[in-house]
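**Q** model this:
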Amino acid sequence: MRSVLLILNVVAGYALLRGYPDFWHPIIRVCLAVSALVIAFGLWGRAAKPTSILASPARNPHLLDYLTVGIAVLLVECFFLVFLSLAPSKSEELATSLDKTLHEKLYGELTKNPGEIDAPGIPGIPGTSGSYISGWLGSGLGPRSLNKNDKVRPSNRPEVYLFPKSPADAQQLLATERFLRNVTLATYKGGTWFPLATIPRTLSAENSLIKVSRPHPGKSITYEISHQTNSNGQTLAVTIPDFTSIKQPTLRETAPDTFRLPAASAESNSFRYQATSLPFSFDKISTPVTAGSSPAPEYLTLPEEPILRAKIQNLATSFGLPSRNSLLKLRQTLRTRFQYSLEISLPDEADPLDSFLFKNRIGYCTHFATATAILTRAMGFPSRIAFGWSGGRYFKGPNLFVFRAREAHAWAEIYLKDHGWVIFETTPPSRDEGTASVADPDELPPLEDFKNGMTPSDSKSDLEPLLKGATWLGIAAAIALIVALILRRPAIATSAQSPALNFLPDPPHYLSAFRQACQAHGLPMPPGRTLRAHLQAITAPGFTQELLHYHYAVQYNDEPRNRSTEKKLLNQLRTWEKEIS
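**A** Prediction:
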């Protein structure tokens, strides 16, 4: 029965620690889980009779013992709760500072690169101050270079918040690979991507919505996007490709599918707006594909260097004629024969695309996307590169996706007949950035709430009350533990009252009878003296030699005990004891 109770309490404790029921505060669940486990082990340990034959405790455990253990466990849990809440951001700051010190030259180069401008943090959210790895929000519509020498350490700073309008929209997003697009670039020259040179156009709202037609069908998703403003310049819109409507008074299309938001109000440092999109990618196409007519010649331009151009064309030819199968073969090649890494090192004179495709074959998302765009052009498909975020972490409670700086991502898009621009992702799924995830029920998003339409910049961390509660609970547990340790414990029985003090099993009956007989004859056997040593020190009857041989055979030679022999020895010892009277 005790074992059944133990199993039930362990299951209950596990369920509580896993977040059930989810409407209880985590501290309440932790306290109840600890209490259930302490009670279960306390009841389970109260056996009617000790079953161990090796040793016995000096005394039975008391309620104070179980209470002390429970308080100690609770104190440790409070410590870990506080530590795991505060340590990540502090550790990241320490690691960043140390890395900057060790790689001062590299950081100096990164700050000069226009594609690596530090983005400001989100006020009101701890750990979101400027970081040396910028998200795309701070980079604007400008050139993006393939770095030759880079040590990318993505920040954990939240950058974009996506709120599905309904649970059905959230489920649709969870069922597919998620992308947020910020900017597209079309011209590749000398290891650098540039935006397509076009005449900007302004889109105006009708009935508060700006609508854009898309060629491909699909089920739409309605959502809200919230992100900070770009303090370095004008802010670009962030949407799920491809959006069909957005709630803004105006948009300025500065490059294809790259839209500049109207200026934010003076008192605001963030945006929040609603949009509707038709998510579409290459994997959703099951029919044969054909390259569409290029919207601009730049989408088919290859590198100018003749040798590199010839090598790219030769590699593209190996995938076969332009078709769905040739594109799948290209993706398979990049995902299996090339290595994903955030650390690359190339000579200054090296061409980054040539090195990635034909030499070291190591790079991260920008290298994979660039190689894909250039190779698909050589195969006859118009292509471009897009920058934004992928993956995101979903929090079920507030129905929220959080995209952090470490999930900034680049991918290729190809232009297909009857489909338009289609996402063609070739970066390996197992990568250090852009990996989708779902938060545990207990995990709190990096926001307080959005019930009143608050933006991330207006919210406060929800960790503060949790940390305060854990801190005070830990202090109370520490005081209670100290009091429990200094309280007077029940007196321990002396050796005369309880032989168990020696922490040894009870001696055989014949040995106890021998000691009692020796005591009666005035020849007490001192503690710690062996049977052989005591027989040598006294004058004893002849049968004691048989007792000595039997005792050593049973105790040290693993011979089985013989009841008739022990009974005979007991009778002889009692007779010897009675001789004194």
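**Q** Could you use CA atoms for every contact and neighbour count after this?
**A** Fine.
**Q** number of nearby residues for Glu551?
**A** Slight slip there: residue 551 is His, not Glu. For His551, the tally of surrounding residues (other CA atoms under 10 Å) stands at 20.
**Q** Kindly report the same for Gly70.
**A** When neighbours are defined as other CA under 10 Å, Gly70 has 20 of them.
**Q** Surely it and Phe41 touch.
**A** No - the pair formed by Gly70 and Phe41 falls short of the contact definition of CA atoms under 8 Å, at 10.4 Å.
**Q** Which residue ranges of the stretch 201-350 of the chain form strands?
**A** 201-204, 210-211, 221-228, 243-246, 250-255, 258-260, 270-277, 339-340, 343-345 (DSSP state E, counting those that start in this stretch).
**Q** between those, which one is nearest to Pro295?
**A** strand 250-255 (12.4 Å; CA to CA).
**Q** starting at the chain centroid, how far to that closest one?
**A** What separates the centre of strand 250-255 from the centre of its chain is 38 Å, taken as CA atoms, centre = their mean, to the nearest Å.
**Q** same check, this time on stretch 428-448
**A** The gap between where stretch 428-448 is centred and where its chain is centred comes out at 8 Å by CA atoms, centre = their mean.
**Q** Also stretch 275-287?
**A** Distance of stretch 275-287 from the chain centroid (CA atoms, centre = their mean) equals 29 Å.
**Q** quick one, helices of the stretch 301-450 of the chain?
**A** Remark: helices of the stretch 301-450 of the chain, listed N- to C-terminal, are 306-317, 324-337, 352-358, 365-378; assignment by DSSP state H, counting those that start in this stretch.
**Q** who touches the host helix or strand of Ile479?
**A** In this structure, Ile479 is located in helix 463-486 according to DSSP states H and E. The contact list for helix 463-486, computed with CA atoms under 8 Å, 6 or more residues apart in numbering, reads 27, 64, 68, 71-72, 74-75, 78-79, 81-82, 85, 444.
**Q** Arrange the strands of the stretch 201-350 of the chain in CSV, one row each, with distance to Glu159 and mean neighbour count as further columns.
**A** Putting these into CSV (distance: least, CA to CA, whole Å; neighbours: other CA atoms under 10 Å) gives the following:
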stretch, distance to Glu159, mean neighbour count
strand 201-204, 26, 14
strand 210-211, 24, 18
strand 221-228, 6, 22
strand 243-246, 20, 22
strand 250-255, 21, 19
strand 258-260, 17, 23
strand 270-277, 11, 20
strand 339-340, 24, 20
strand 343-345, 23, 15
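**Q** Got phi/psi on Glu159?
**A** phi -120, psi -40 (degrees, to the nearest 10).
**Q** which residues does the residue nearest to it when sequence neighbours are not counted contact?
**A** In space, and not counting its chain neighbours, Glu159 is closest to Arg404: 5.1 Å by CA to CA, 6 or more residues apart in numbering. Arg404 is in contact with Ser155, Asn156, Arg157, Pro158, Glu159, Val160, Gly392, counting by CA under 8 Å, 6+ apart.
**Q** Arg404 and Gly388, how far apart?
**A** Counting by CA to CA, to the nearest Å, the gap from Arg404 to Gly388 is 11 Å.
**Q** Likewise for Glu559?
**A** 79 Å.
**Q** In terms of packing, which of those two has more residues around it?
**A** Set Glu559 next to Gly388 and count neighbours by other CA under 10 Å: Gly388 wins out with 24 against 12.
**Q** List the residues that contact that one.
**A** Gly388 sits next to Trp136, Phe179, Leu180, Arg181, Asn182, Val183, Val238, Ala408, His409, Ala410 when contact means CA under 8 Å, 6+ apart.
**Q** Quickly note the distance from the nearest residue to Glu224 once chain neighbours are set aside to Arg404.
**A** With CA to CA, 6+ apart as the criterion, Glu224 has its nearest non-adjacent residue at 4.2 Å, and that residue is Gln274. Distance of Gln274 to Arg404, computed by CA to CA: 20 Å.
**Q** Please apply the same query to Pro158.
**A** Counting by CA to CA, the separation of Pro158 from Arg404 is 4 Å.
**Q** ditto for Ser326
**A** Counting by CA to CA - Ser326 and Arg404 are separated by 34 Å.
**Q** And for Ala237?
**A** If you measure Ala237 against Arg404 using CA to CA, the figure is 16 Å.
**Q** can you check Val30 too?
**A** With CA to CA as the criterion, Val30 and Arg404 are 29 Å apart.
**Q** Over to Lys567?
**A** For Lys567, the distance to Arg404 equals 81 Å [CA to CA].
**Q** What residue spans form the domains of this structure?
**A** As assigned by automatic domain parsing, the chain contains the domains 103-447, 508-578.
**Q** how about JSON lines for these, with mean pLDDT and distance to Ile7 added?
**A** Putting the domains of the chain into JSON lines (pLDDT from 0 to 100; distance: least, CA to CA, whole Å) gives the following:
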{"stretch": "domain 103-447", "mean pLDDT": "84", "distance to Ile7": "24"}
{"stretch": "domain 508-578", "mean pLDDT": "88", "distance to Ile7": "38"}
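**Q** now, of those domains, which is deepest in the fold?
**A** Among the domains of the chain, judged by mean count of other CA atoms under 10 Å, the one packed with the most neighbours on average is domain 103-447 (a mean of 19).
**Q** Please state the offset of that one from the chain centre?
**A** Here the centre of domain 103-447 is set off from its chain's centre by 24 Å, with CA atoms, centre = their mean.
**Q** So for Glu317, what's the nearest residue that isn't a sequence neighbour?
**A** Small correction: residue 317 is Thr, not Glu. Nearest non-adjacent residue to Thr317, counting by CA to CA, 6+ apart: Met379, 7.1 Å away.
**Q** Which neighbouring elements make contact with the helix or strand just after the helix holding Ile479?
**A** Sequence-wise, the next helix or strand downstream of helix 463-486 (DSSP H and E) is helix 509-520. If contacts are counted by 3 or more CA pairs under 8 Å, 6 or more residues apart in numbering; DSSP states H and E, helix 509-520 sits against helix 563-578.
**Q** As a markdown table, the contacts of helix 463-486 with secondary structure would be great.
**A** Conversion of those to a markdown table gives the following (DSSP: H, G, I helix; E, B strand; the rest coil):
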| residue | secondary structure |
| --- | --- |
| Ile27 | helix |
| Leu64 | helix |
| Thr68 | helix |
| Ile71 | helix |
| Ala72 | helix |
| Leu74 | helix |
| Leu75 | helix |
| Cys78 | helix |
| Phe79 | helix |
| Leu81 | helix |
| Val82 | helix |
| Ser85 | helix |
| Leu444 | coil |
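**Q** related to what we said a few turns ago, can you lay out the domains of the chain as JSON lines showing distance to Val34?
**A** Supplementary listing: these in JSON lines, determined by distance: least, CA to CA, whole Å:
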{"stretch": "domain 103-447", "distance to Val34": "17"}
{"stretch": "domain 508-578", "distance to Val34": "43"}
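**Q** So for Pro21, which of those domains sits nearest?
**A** With CA to CA as the criterion, Pro21 lies closest to domain 103-447 of the domains of the chain, at 9.7 Å.
**Q** So Val160, which state does it fall into?
**A** Secondary structure, three-state DSSP: Val160 is strand.
**Q** list the contacts for the closest residue to Asp169 other than its chain neighbours?
**A** With CA to CA, 6+ apart as the criterion, Asp169 has its nearest non-adjacent residue at 5.5 Å, and that residue is Ile221. With contacts defined as CA under 8 Å, 6+ apart, the neighbours of Ile221 are Pro164, Asp169, Gln172, Thr276, Ser277, Leu278, Pro279.
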